[in-house]
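[1] Mind folding the following:
(chains A, B, C and D)
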2 protein chains.
Amino acid sequence: MSMAEFKGKVKNIQDTPFGYTLSVIGGKWKMVIIYLLAENQPVRFNDLKRQIGVITYKMLSSQLKELEADGMVKRTEYPQIPPKVEYSLTEKVESLLPVLEGLCEWGVKNQNKD
Amino acid sequence: MSMAEFKGKVKNIQDTPFGYTLSVIGGKWKMVIIYLLAENQPVRFNDLKRQIGVITYKMLSSQLKELEADGMVKRTEYPQIPPKVEYSLTEKVESLLPVLEGLCEWGVKNQNKD
DNA sequence: CTGTATCCTAGCCGATACTG
DNA sequence: CAGTATCGGCTAGGATACAG
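    I've put the predicted structure just below:
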């Protein structure tokens, strides 16, 4: 067990691989958004909102913005009326998808199993 | 791509596998704690604090309590003076460790790579 | 050594209304 | 359709002091 190159004392959580990964996929919605994009990309804004159900426009918007800033999501705007914007995943996320799959599977197996 | 059995609209984030998994390993410290326990278990309270470095007693204590409540960590108390308490991982975490390894590796590879 | 008890704060997150 | 703006509650997380 090596956990990659995460070694030594923690001075700054943000500097640990875990801290970075959590900053990118943590929070209440990002994993769900990435999952849904992976299943249906490209997806339009309101489609995404409908699929998630309980999220507010504000949260969806802000989370997508952060994911885009972190290079996880690509936003494509079609200048037409009515507006159309499509979201899809970048290559950066590709290597993360199997890991997310693992998190999801672990969640399924261990939820309500205590 | 199936993402296990996570399907349909989200009514309650807590009910999604991602929501559950995040509730268990999310937050600022839990992944780091699990990682350190995996590397050195069993570990005493103050050893853990020293290894993490910047965490406060309160945070370490509360995070360990939550991990214990979630069945991730086993707490063993030795009734002696001075007190001695050892923390180790439960079997429940075993299947999660490779996934955490994946998160860590992804973090190492993608941090500072934008 | 192994924690608690208090107090405090930044910011996550939500509800609602509004806009090009 | 695809968002912003504004207001505010709640709570995760931190500083510090105390305790068995």
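[2] mind listing the helices for chain A?
    Ranges of helices within chain A are A:17-25, A:30-40, A:45-52, A:57-69, A:91-94, A:97-110, based on DSSP state H.
[3] okay if I get those helices as JSON lines plus mean neighbour count?
    Glycine gets a C-beta too; all of them are placed from N, C-alpha and C. Shown next, in JSON lines, are those (neighbours: other Cβ atoms under 10 Å in any protein chain shown):
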{"stretch": "helix A:17-25", "mean neighbour count": "23"}
{"stretch": "helix A:30-40", "mean neighbour count": "21"}
{"stretch": "helix A:45-52", "mean neighbour count": "16"}
{"stretch": "helix A:57-69", "mean neighbour count": "15"}
{"stretch": "helix A:91-94", "mean neighbour count": "15"}
{"stretch": "helix A:97-110", "mean neighbour count": "20"}
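[4] can you tell which of these is closest to DNA strand C?
    Among those, the nearest to DNA strand C by Cβ to the nearest atom of the strand is helix A:57-69 (4.1 Å).
[5] Need the residues that contact the closest one.
    By Cβ atoms under 8 Å, 6 or more residues apart in numbering or on different chains, the list of residues contacting helix A:57-69 from outside reads A:24, A:27-30, A:33-34, A:45, A:48-49, A:52, A:73-75, A:87.
[6] Quick check, pLDDT for the closest residue to A:Met3 other than its chain neighbours.
    Once flanking residues are discounted, A:Met3 sits nearest to B:Cys104: 4.7 Å by Cβ to Cβ, 6 or more residues apart in numbering or on different chains. With respect to pLDDT, B:Cys104 scores 94.
[7] Surely B:Cys104 and A:Thr21 touch.
    Yes - B:Cys104 is within contact range of A:Thr21, at 7.3 Å (criterion: Cβ atoms under 8 Å).
[8] For A:Lys109, which non-adjacent residue is closest in space?
    Using Cβ to Cβ, 6+ apart, the closest residue to A:Lys109 is B:Ser95 (7.3 Å).
[9] Can you get me a residue count around the one you found?
    13 (other Cβ atoms under 10 Å in any protein chain shown).
[10] Show the pLDDT at it.
    B:Ser95 carries a pLDDT value of 96.
[11] Would you list the phi and psi of it?
    phi -70, psi -10 (degrees, to the nearest 10).
[12] quick one: it and B:Ser23, what's the gap?
    Look at B:Ser95 and B:Ser23: by Cβ to Cβ, to the nearest Å, they are 17 Å apart.
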